[in-house]
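Below: sequence and its predicted model.
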Amino acid sequence: MKVSNKRITIMVLSITAIAVLGSCAKDVPTIPAELELPWVEVESPRYKGTVRSMAIGDDGTVYLGAQVRQAGADPSIILISNDGGETWRENHIGMFWILSLTIDSKGYIFATGYGWKVWRSKDGGETWESFDQGFPERNTEVYSFIGPDDEIILWGESEGIFMSTDAGDTWESLGDTLMWDWTRFLAGTQDFRFFASTYDGLFFSDDTCASWEGPVEGPWEGDTPNKVLVLSDGTLILHARRVCRSHDNGETWETIIDDRNTADQIWKDDLDRLYYVDNGILMMSVDMGTTWVYQMEAIENSHRVQIGSGPSGEIFVSTGRNGAGFCRSVDGGTTWEYLGLAEGDPETIHWGSDGRLYVCMPCSGIFRTDASDISWECFSDKRDLLFTYSLAERLNGELLAGTFFGIYSSQPEEMCWASLGSYDFNYEGITAMIEVPGRGIFAGSYGRGIYHLPDGEDMWLRFGLNDYDITSLVMTDSLGFYASCSFGGVFSYDEETFVWDQTNEGLGDLNVEALVLTPDGRLVAGTKYSGLYVMNPAERIWRKLGSEELHVVAMDIYNETVVIGTDYDGFYFFRTGMDGPEQIPVGDGGDIAGFGNYPYLTSMSIGPEGYIAFLSRDRVFMSLCPID
């Protein structure tokens with residue numbers, strides 16, 4: 001499956017921060033051992049919200065209702081895109097959750113959420129007005145849909161059904177007393193037969209919801225109806241763990257998906273294409289559910305998925321929390337573009353030799369900063385790259401991506417990812433990669449050891465340490481090969497016996513999170529609980545550096561300076577001749593976390609000019625001056 005990249009136009013740095021950064025870049029100081037760095041927070045490519053609703057206008061404008069998970073922010077916003085999801089603008093309308101967006105034939109947009117209030121926009125989402133007269137006062141989740149004659153119909157999960165025939169100016173109650181306690185879904189046919197999926201079964205009404213009959217019997221006996229969909233020809237599709245279909249207005253039903261564990265949720269678009277999600281995989285049917293074809297993956301929570309179609313047949317999918325983000329297909333689902341709004345936390349950061357920041361977002365792919373306007377853009381053109389967990393560079397400057405499905409390579413100038421070698425990696429997370437001149441590429445994995453792709457070969461070979469979680473791979477100038485493990489310490493490879501030897505004498509903690517090689521040929525190991533250790537490969541004995549019991553998360557090296565990132569204690573640095581690591585002050589008395597000097601560190605990288613970037617869960621930070 002081919003995936004194209006599109007830019008997410010999210011501003012990265014404030015003008016002030018850019019000015020400070022430019023000042024540092026013009027006058028790079030020679031920093032002594034008393035290192036001090038100011039920091040700036042960079043806007044993360046992670047979208048700090050959850051898309052809860054979607055509507056698409058006749059002109060192709062896409063509207064999303066999003067719930068924002070950010071302290072001090074409005075709880076819900078409207079996202080508007082006039083270019084098919086490539087760029088977005090926000091409109092805060094003061095709602096609490098936007099659970100439903102509906103557009104009538106006039107182009108008026110109606111938004112409902114938590115509580116009996118409906119919001120209306122007559123100008124494409126730019127301005128909004130609200131109505132709550134005559135509605136119940138009880139808070140409940142309220143949804144809406146457009147009736148057969150352009151009526152707007154509202155229904156609440158716990159009570160009430162209302163209808164407006166004058167574009168929302170006035171509202172009429174259709175039924176105050178229902179035969180059930182909780183409405184899961186409401187839909188209506190062209191001949192005004194209404195269906196309600198409830199915890200008590202499926203009910204229908206032929207008098208505009210004034211009275212109801214049911215529960216209807218069908219092949220879903222024993223399961224609770226979840227959703228009923230009405231296609232343009234009147235065909236009904238019911239989801240009740242099984243998926244059922246009726247061609248006679250609900251009088252008789254047939255089962256089209258009999259496995260009760262297959263379809264987590266079902267949807268339809270304006271072209272009557274049906275969709276369901278099974279274990280994170282989206283399937284589609286163009287023949288009313290008779291046959292189904294694979295569409296895409298990376299959908300973690302099916303209850304947060306939104307699907308819609310554009311006027312030219314485009315398919316839009318918002319995958320929800322920790323999914324692939326907002327996706328578009330312009331060819332009926334054959335290929336997909338991943339356009340951003342990814343909600344998962346960045347996992348790994350890499351500062352490329354091209355000066356760009358790259359981050360991996362598991363289930364969402366690779367994103368990078370655009371050097372021209374300091375914004376984020378998607379840099380993944382294959383489904384497999386949605387599951388990237390590590391990044392590195394080849395000797396020729398190409399970017400390496402370690403994924404659940406293998407190792408990929410692309411030139412940074414033009415995204416064109418190609419799989420390196422063949423091997424069934426079978427969801428093995430690649431955690432570390434290194435290319436060695438004349439020997440090829442080595443890749444460490446989580447729980448499956450090391451792999452080797454020799455120069456000129458097209459098959460990955462197992463290279464030992466099969467049961468270990470590899471954290472780093474290092475090759476010394478004398479071609480000594482070392483691997484660190486999250487439990488097991490450090491191993492060295494014996495070229496004569498072809499075995500890995502534990503090299504742990506003097507190492508006080510076998511949880512080695514990072515391993516680097518200093519310019520004078522020594523190895524520095526950063527451990528999870530007891531700080532730093534240094535070893536001369538000729539002696540093979542580790543020596544503790546300093547007395548600090550640092551909890552090391554990551555390390556990187558620039559010129560002669562080793563920079564150590566810890567969990568909550570910020571950064572330390574070490575240079576040859578020092579007795580131990582020393583902490584790097586934040587600089588300018590800054591509090592970059594908002595709740596202490598440093599937030600929790602998950603990944604770090606040093607750029608080609610000595611600037612540091614690091615991740616703290618969903619936040620990205622960058623130093624305003626180089627370290628050396």
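Looks like it came in fine.

Find the nearest non-adjacent residue to Ser605, please.
Nearest non-adjacent residue to Ser605, counting by C-beta to C-beta, 6 or more residues apart in numbering: Trp351, 4.3 Å away. Where C-beta positions appear, they are placed from N, C-alpha and C, glycine not excepted.

Okay, and the beta partners of that neighbour?
For Trp351, the beta-bridge partners are Leu357 (DSSP bridges).

pretty sure it is touching Met604, no?
No. Look at Trp351 against Met604 with C-beta atoms under 8 Å: they stay out of range, at 9.2 Å.

Could you name every residue contacting both of these two?
Applying C-beta atoms under 8 Å, 6 or more residues apart in numbering, one finds that Trp351 and Met604 are jointly contacted by Ala613.

returning to what we had before: quick one: residues contacting the residue nearest to Ser605.
Trp351 sits next to 357-358, 605-608, 611, 613 when contact means C-beta under 8 Å, 6+ apart.

of all the residues you listed, which two lie farthest apart?
Across the contacts of Trp351, no pair lies farther apart than Tyr358 and Tyr611, at 14.2 Å, counting by C-beta to C-beta.

quick one, helices of the stretch 351-500 of the chain?
Read by DSSP state H, counting those that start in this stretch, the stretch 351-500 of the chain holds no helices at all.

What ranges in it fall below the confidence cut-off?
By pLDDT under 70, the low-scoring segments of the stretch 351-500 of the chain are 371-374, 427.

what number of residues lie near the closest residue to Glu347 other than its chain neighbours?
Using C-beta to C-beta, 6+ apart and skipping residues adjacent in sequence, the residue nearest Glu347 is Cys360, 4.7 Å away. Cys360 has 27 neighbouring residues, counting by other C-beta atoms under 10 Å.

surely Cys360 meets Leu386?
No. Counting by C-beta under 8 Å, Cys360 stays clear of Leu386, with 9.9 Å between them.

Show me what counts as buried in stretch 61-81.
Judged by neighbour count (16 or more other C-beta atoms under 10 Å), stretch 61-81 contains these buried residues: 61-68, 75-81.

you'd agree Asp150 is in a helix?
No. Under DSSP: H, G, I helix; E, B strand; the rest coil, Asp150 falls outside any helix and is assigned coil.

so is the closest residue to Val552 other than its chain neighbours in a helix, a strand, or just coil?
Closest residue to Val552 apart from its sequence neighbours, by C-beta to C-beta, 6+ apart: Gly526 at 3.2 Å. When classified by three-state DSSP, Gly526 comes out as strand.

about what we covered before: next up, the contacts around the residue nearest to Glu347.
So Cys360 contacts 346-348, 366, 388-391, 401 (C-beta under 8 Å, 6+ apart).

give the contact list for the residue nearest to Val552.
512-516, 532, 550, 552-555, 564.

which residues does it form a beta bridge with?
Under the criterion used (DSSP bridges), Gly526 bridges to Ala514, Leu532.

Relative to Ile80, how far out is it?
Gly526 sits 46 Å away from Ile80, going by C-beta to C-beta, to the nearest Å.
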